[in-house]
Structure formats: structure tokens, C-alpha cells
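1. sequence first, then the predicted structure:
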Amino acid sequence: MPAAARSSSWTWACGCCAGRRKTGGGGEAGGGAGASGRAEEGDEWSLFMDLPVLETATDGFSDDNLLGRGGFGPVYKGVLQDGQQIAVKKLSLGSRQGVREFLNEVQLLLKVQHRNLVSLLGCCASSGHKMLVYPYFPNGSLDHILFNKEKSVQLDWPKRYQIIIGLARGLLYLHEESPVKIIHRDIKASNVLLDEQLSPKIADFGMARLFLEDASHVNTFRISGTYGYMAPEYAMNGYLSTKTDVFSFGILVLEIVSGRKNFARHVDDEKVDLLNYTWKLFEGGRALEIVDPSLSDPDTEQTRLCIQLGLLCCQAVVSDRPDMHSVHLILSSDSFTLPKPGKPAIHGRTGRWMTTTTASGSASAWATGASNANTTSTFGTDTTTTRASVLANIAEDESRNSISISFTTEGR
């Protein structure tokens, strides 16, 4: 359904973060909240949560409850008085861009509701603190299971196929059905949370771009994304459109099918870049060799479809990529004939800024956001890359700077 045809029951935006509203009885919304610390049901300010409530829930934001550090700052696990587990995303006071991104994320999440998106439970702006409150997901993010040989057995092929379909539905909603048109900008495995049934929930709208209804694309020099997942026109030139998310979705589909990261270490050079390797196998009529060997009897037609779809989503020419409406139709239809993809956008996915990362922390520390990584940028081009394995190191290091890692205790 077109966004213009949808009506939204959300008639308010970021006001819940600006302060407390006086009630008819002279009290303050939030001050008389129930056991959960939230206002009574039906109050339009019910998403506002008092700072003392969150301090109690997180034991004073104790280090023992620290789940990780994302782009905004630390994220803590908490338990409300009614027993509900939450994840509190606490904005770092020293973040220059944090306030703007915080308000943007709140405004978007108040309007956006879908079963394949992480929902906002509450927010807080008090005494200089700004926070977002989300559900806590014990299963963590997709990457923690998909890229772990022991845990990936939980993801058989039917479950992986349903995850792909769920992600397509979530992105379709963001692009075409949401009350506001949203481009996520950072679709990746660590930004997909899994609920109790391992159903996918797209997380982290802090970098999402809110468009006017008649806008189809924008040029931006404020690049937000992750190496390896970023479309080249965005990484190189700041050209942003819904097809930017389509490209990232295509990379993620190939990761789900293969069970490996889009840039891998300790493999032959031809296998380092998953997109390039998949294309070479596809050209040689051996596309199914990319399928995760740990999968037991995966559906051949579905896996072949997903591989071809992933390549189509990653086409170098933006107009050659399908939109998410077409992607959803392809995945939902039993008789959809896909066109043969051309060569995907192998080059340009790291942008014009080559990054050298030196981390003093361990791999597990980085996974929970505790690494003391120092990152410097120098201007260059894709052709100056020395070895593919260097890109693999960069991509893996950069890929963890995300809110979604904060919703799991993995690696602590």
C-alpha cells in the first residue's frame, strides 16, 4: 500500500523527550506511573520513562549490566519492576552528532511499527541524559548465530528462508508502507535481532534518513554504513536511495545462504570477497557451491533463487536492482522467473576513504564494543587496496559499531 494511502494513529513525535506533561489532576505523566515506570495506558506520553526508573532497572547503569557500546555510546540491560527485560541505549554526552541522531531515531520509531522491526518501548530525556528503551533480545543478533559454527545449527534452511522473507517485509514497510519513507542505510547481520522464535527484527534507526514524500534520492556527504555492505554509489559519492538498502540486503542474503561473512579472513584470495566469489561461481554454473555446507538437505530451488536474487540486488547499475516490492513478490511467488543478473558491483564498496584500524583490544572485546580501536582515514581509491585480506580485516572491525550488538551478552 502506498505510504500516502496509509493513515497513522501516531499524532505526536518527539515531544515525549522534551519534558513531562501536567495531568488533569495536577500530577505529572511518568511520576504516577505503575510498576513498570510508564504512564497509564492510553496516555499519549506513555513512552516517557523517568530517569530514576531506568537507574533502578539497570542497577545504576552498572558495568555488570553493560551489554556493549554502539555508535551512540553504552547500552545496558535492565529489568523493570514488572519483570520486563529491557535494553537501555544511553546517549554519550560527548557525542557531537548524538543529540540530532537521537531525536531523529525517536521521531521515526514513534511512527514506525512492524513485526519485523524493533519497537520502541520508551525514551528518557532528563538531567542532561537522553536514552532509548527497547525490548531485550536474549538471542541477540543474527551474526552471533549465523557466523558461529556451533550455534548456526539452530538456523536450518527453512528458518533462514523465513528470515530472508521477514527482512524483505521489514524493508518493504520502511520504503513504501511506513507513514514516513525511511532508508535504513546500515542493513547488516549485526543489525538484525532475533526473537524467541528466531524471527528477524531490523534494528538501529539512528542512521535512517527521513524523506519527504516526493523525494526519491538525496546526495549526502555524511556517510553512515558498514564496509562491505555499502552500495558503491553511496560509499563513493554519497548518493542515497532505497536501492542503497536493496544492495545491502543482497549482501546479507548471500551471507545467510552461505553462512559466512561478506569479507572473510584466512581463506584463498578468490574467496575473500563473498560477492565476487559468488559471481564467479554463478558464471561458471556452480552457484550452489556457495551454500553453507553445514545445512542438511536445503531446498535447491530456494537456495538457487536466493543466490540469484542476492546478485540482482547488488547490480552495479542502480536501476538494474529490484525494489523491495519486487523482492517481496519474488520471494512470495512460486512461479516467478528471475532475469539473469549481470556482473555485480564488486568495486567501490569501501568508498574513497581507505581506513586503517589498529585495535588494542581482543576480538571478543570488539564484539561487545569494548575495543580501544584507533581509526584513521586517508583519501584514496579502490584500486589502491593492497590485499583483499586487508579489506576483510577492516570490514570485520567496522561492522560491529552498531546498536544491535548491545542486545546480547555474547562475547562478555
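-> Good, I have the coordinates.
2. give the buried residues for the helix or strand encompassing residue 308.
-> Element membership for residue 308, per DSSP states H and E: helix 300-313. Residues of helix 300-313 classed as buried: 302-313 (neighbour count, 16 or more other CB atoms under 10 Å). For every residue, glycine as well, the C-beta is placed using N, CA and C.
3. mind listing the helices for the stretch 101-250 of the chain?
-> 142-146, 157-172, 232-237, 242-258 (DSSP state H, counting those that start in this stretch).
4. ranking those helices by mean neighbour count, which comes first?
-> helix 242-258 (a mean of 26; mean count of other CB atoms under 10 Å).
5. any low-confidence regions in the stretch 251-400 of the chain?
-> 350-400 (pLDDT under 70).
6. ok, of the buried residues of helix 300-313, which one's closest to residue 233?
-> Residue 233 lies nearest to residue 313 out of the buried residues of helix 300-313, by CB to CB, at 13.8 Å.
7. if we can go back for a sec, which one of the helices of the stretch 101-250 of the chain lies nearest to residue 268?
-> helix 242-258 (14.8 Å).
8. now the angle between helix 157-172 and that closest one, please.
-> 170 degrees (axes from the mean of the first three to the mean of the last three CA atoms, to 10 degrees).
9. tell me what helix 242-258 is packed against?
-> The helices and strands touching helix 242-258, judged by 3 or more CB pairs under 8 Å, 6 or more residues apart in numbering; DSSP states H and E, are helix 142-146, helix 157-172, strand 181-183, helix 232-237, helix 274-283, helix 300-313, helix 324-332.
10. only C-alpha atoms, please: export the helix or strand that it is followed by in CSV.
-> Following helix 242-258 in sequence order, the next helix or strand is helix 269-272 (DSSP H and E). C-alpha atoms of helix 269-272 as CSV (Å, rounded to 0.1, in the frame of the first residue of the first chain):
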residue,chain,number,x,y,z
ASP,A,269,42.2,-14.6,-2.1
GLU,A,270,39.4,-15.5,-4.6
LYS,A,271,37.1,-16.4,-1.7
VAL,A,272,37.8,-13.3,0.5
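11. what packs against helix 269-272?
-> Counting by 3+ CB pairs under 8 Å, 6+ apart, helix 269-272 packs on helix 274-283, helix 388-398.
12. so what touches the shortest one?
-> Which is helix 274-283. The contact list for helix 274-283 (CB atoms under 8 Å, 6 or more residues apart in numbering) reads 251, 254-255, 258, 260-264, 270-271, 287, 289-290, 307-308, 310-311, 314, 341, 343-346, 349.
13. if we use 10 Å, what do you get?
-> If you take CB atoms under 10 Å, 6 or more residues apart in numbering as the criterion, helix 274-283 is touched by 228, 247, 250-251, 254-255, 257-258, 260-264, 267-271, 273, 286-290, 304, 307-308, 310-311, 314, 340-347, 349, 388.
14. what residues of that helix count as buried?
-> Buried-residue list, helix 274-283, by 16+ other CB under 10 Å: 274-282.
15. adding distance to residue 319, write the buried residues of helix 300-313 out as TSV.
-> Conversion of these to TSV gives the following (distance: CB to CB, whole Å):
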residue	distance to residue 319
302	27
303	27
304	25
305	22
306	22
307	22
308	18
309	17
310	18
311	16
312	12
313	13
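16. can you give the domain ranges for the protein?
-> 3-135, 138-412 (automatic domain parsing).
17. separation between the closest residue to residue 270 other than its chain neighbours and residue 146?
-> Once flanking residues are discounted, residue 270 sits nearest to residue 277: 6.2 Å by CB to CB, 6 or more residues apart in numbering. Applying CB to CB, to the nearest Å, the value for residue 277 to residue 146 is 17 Å.
18. just residue 166 next, same as before
-> Applying CB to CB to residue 166 and residue 146 gives a distance of 14 Å.
19. gap between the two ends of stretch 294-306?
-> Taking CA to CA, to the nearest Å as the measure, stretch 294-306 stretches 17 Å from start to finish.
20. other residues contacting that stretch?
-> Taking CB under 10 Å, 6+ apart as the rule, stretch 294-306 contacts 149, 152-153, 155-158, 160-161, 164, 250, 253-254, 256-259, 282, 287-288, 290-292, 330-331, 333-334, 336, 338.
21. isn't residue 163 up against residue 141?
-> No: using CB atoms under 10 Å, residue 163 is not in contact with residue 141; the gap is 11.9 Å.
22. any common contacting residues for those two?
-> With CB under 10 Å, 6+ apart as the test, residue 163 and residue 141 both reach 192, 194, 200.
23. with that, I have no additional questions.
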